[in-house]
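# For reference, the sequence and a predicted model appear below.
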Amino acid sequence: MGFFGGVAALAKGFATTLQFAFQKKPTIQYPSVKKQHAPRFHGLHELRRYADGKERCIGCELCAIACPANAITVIGAENAPDDRRSPGERYAARYEIDELRCIFCGLCEEACPTDAIVLTPRFEMADYRRGSFVYAKDRLLVPPEAGVGTAPDERPGGIPSDVGQVIERKSTVDIAAGYGATHRGEILKTERKGLAG
Amino acid sequence: MLDQTPWWLIVLLKSAIVLAVVITTFAYSMLFERKIMAWMQLRPGPNRVGPWGLLQPAADAAKMLFKEDLTPGTADPLIYRLAPFISLLCAMGAFAVIPFSESSAGLWGVANVNAGILVIFALTSIGVYGISLAGWSSGSKFPLLGSVRSTAQMISYELAMTMSVIGVLILAGTTSLVGIVHAQQRVWFILPQIVGFLIYIITAVAETNRAPFDLVEAETELVGGFHTEYSGLRFGLFFIAEYLNMITVSCIATLLFLGGWNAPPGLGFVPGLIWFVLKAGLFIFLYIWLRTTLPRLRYDRLMNFGWKVLLPVATLNLMLTAAIVAYAG
């Protein structure tokens, strides 16, 4: 590369940075503008109820067994005949999830035989003390008026407004097209094609 | 009324005004740099403090003021504390002799020195002591390496810079900055001195320790270079000095090569001060653009470039200019 080649290369570099200065910025101004998540994004847990207000959880501890991170603690107890918390024989006397241990894999959701535990799209859980990340029933159990849906996006009472539903800008992931629409998805697709050919 | 006012009061008032304007310019050129750099890197830049981040400089200043001022145990306390002031005073002093504009009432500037350009070069040369002493007195490895680099870099690039400027001095026939601007009323010196202009721009970047010649700071190799150990307000003083130097060399480039406050042909109705600010701002933008575009030079290449390319070309340019002026005049 001679003198003129060098000058041409410099000019190209300067043109690139200048051109970038006028491009639309992909930044999402997070606290004021929130990105739209996939409807079944794995976030904070919720314990759901039946239409009559009874808790779905029957204290079977299958979620605690399925949990790969040992984040769930369930202590079941017999329902008292005069004060039935759940339709089954037993209910969860204590139900705690350590959200710092949780890896948000959703296996508890899969394991639950009564669709009691679901992962909501809520992801803003920041707090000042480690202890406050242990969520007990007082924070996990939805209020009776929240409805009976069994999936995060099937909640009749609607998903609370603080779970990132502000739609200002298109998400980097096209929800309809799924993972294939992302840049990395494209790379994977072409790589696979190469392997097949 | 002006005749009865003592001269020292006028100078004092002028200095205060210039200093206030220059410090404000510093604050906003910092914000300008962060914004432009962010845009070129596809980020929005600071936008949380005030509308468009306009109060960001004030927030930064408050932060600097309240940060802890540390002195390492191995540092030479007196020189360590003195160094930032040397840098800052020299950087500020240069503005005493820079003429910003001219009107029928007189000169817009603190002093009209008949050897203005020499005063500025002398001051910026002394300013290098601030950086060298800071690194040397920190009693720490990385700052020492930074200051050694700074000494070598300044010596090599100052030579080429002075050579490139002498061409302009020969054409103008004066070392007074006002005289140089007056000499450019017909043709700006960027046309006859295009080589000198390019060399000046390159060396000026090296003189102010800015990317891609920021080997003195070199975050990736030397932590922070000469100011690694500095914190709080003292670090802030170095920061101010660096930006003031950047503004100074932009002003000098405007005065020497772009005709100072002379308007381009046909646009004489716009005041000279606006032209001066626009031209100097153009150079500041160029600096930021350089920083975002070019990676840092390797140290041996920096030295090679300075001694084997810039200095010979600058000398040739100077000799050619001198020969032409001698033949024509």
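Perfect, I can see it now. Residues are numbered from 1 along each chain as shown, chains lettered A, B, ... in the order given.

# Every contact and neighbour count from this point should use C-alpha atoms.
Will do.

# tell me the mean pLDDT for stretch A:128-136?
For stretch A:128-136, the mean pLDDT works out to 86.

# Render the CA-only coordinates of it in CSV, please.
C-alpha atoms of stretch A:128-136 as CSV (Å, rounded to 0.1, in the frame of the first residue of the first chain):
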residue,chain,number,x,y,z
TYR,A,128,-30.5,-3.6,48.4
ARG,A,129,-30.3,-6.7,50.6
ARG,A,130,-29.6,-10.3,49.7
GLY,A,131,-32.3,-11.4,52.1
SER,A,132,-35.0,-9.5,50.2
PHE,A,133,-34.5,-11.8,47.2
VAL,A,134,-36.0,-14.7,49.1
TYR,A,135,-39.6,-14.4,47.9
ALA,A,136,-42.1,-16.0,50.2
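
# how about that stretch: buried residues?
A:133-136 (16 or more other C-alpha atoms under 10 Å in any protein chain shown).

# and of those, the nearest to chain B?
Nearest to chain B among the buried residues of stretch A:128-136, counting by C-alpha to the nearest C-alpha, is A:Phe133 at 29.0 Å.

# Test my guess that the closest one contacts A:Asp98.
Yes. Using C-alpha atoms under 8 Å, A:Phe133 makes contact with A:Asp98 at a distance of 5.9 Å.

# Tell me which stretches of the stretch 151-300 of chain B form helices.
Using DSSP state H, counting those that start in this stretch, the helices of the stretch 151-300 of chain B run over B:177-183, B:194-207, B:219-222, B:232-257, B:272-293, B:299-304.

# Quick check: which of those is nearest to B:Leu42?
Closest approach to B:Leu42 among the helices of the stretch 151-300 of chain B is made by helix B:272-293 (11.5 Å; C-alpha to C-alpha).

# number of nearby residues for residue 63?
Since no chain was named, I'll use chain A. Neighbours of A:Cys63 under the rule other C-alpha atoms under 10 Å in any protein chain shown: 23.

# oops, chain B please
When neighbours are defined as other C-alpha under 10 Å, B:Lys63 has 13 of them.

# Take the buried residues of stretch A:128-136 and lay them out in CSV including secondary structure and distance to B:Thr151.
CSV is the format used below for the buried residues of stretch A:128-136 (DSSP: H, G, I helix; E, B strand; the rest coil; distance: C-alpha to C-alpha, whole Å):
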residue, secondary structure, distance to B:Thr151
A:Phe133, helix, 55
A:Val134, strand, 58
A:Tyr135, strand, 60
A:Ala136, coil, 64
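
# Output the residues you listed in TSV, with distance to chain B appended to each entry.
Output for those, formatted as TSV (distance: C-alpha to the nearest C-alpha, whole Å):
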residue	distance to chain B
A:Phe133	29
A:Val134	33
A:Tyr135	33
A:Ala136	36
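
# Find the closest residue to chain B in chain A.
For chain A, C-alpha to the nearest C-alpha, closest residue to chain B: A:Ala21, 4.0 Å.

# For burial, what's the neighbour tally of the nearest residue to that residue once chain neighbours are set aside?
Excluding the flanking residues, the one nearest A:Ala21 by C-alpha to C-alpha, 6 or more residues apart in numbering or on different chains is B:Met40, at 4.0 Å. Look at B:Met40: counted by other C-alpha under 10 Å, it has 24 neighbours.

# who touches B:Met40 in this structure?
By C-alpha atoms under 8 Å, 6 or more residues apart in numbering or on different chains, the contact set of B:Met40 is A:17-22, B:292.

# For stretch A:88-97, give me every contacting residue.
Stretch A:88-97 is contacted by residues A:55, A:57-60, A:71-79, A:85, A:134-137 when judged by C-alpha under 8 Å, 6+ apart.

# Same check on stretch B:46-61?
For stretch B:46-61, using C-alpha under 8 Å, 6+ apart, the contacting residues are B:27-28, B:30-31, B:34-35.

# can you give me the end-to-end distance of it?
15 Å (C-alpha to C-alpha, to the nearest Å).

# How much space separates B:Tyr187 from chain A?
Not quite, residue B:187 is Val, not Tyr. With distances taken as C-alpha to the nearest C-alpha, to the nearest Å, B:Val187 is found 27 Å from chain A.

# Which residue is the nearest non-sequential neighbour of B:Leu118?
B:Thr175 (7.2 Å).
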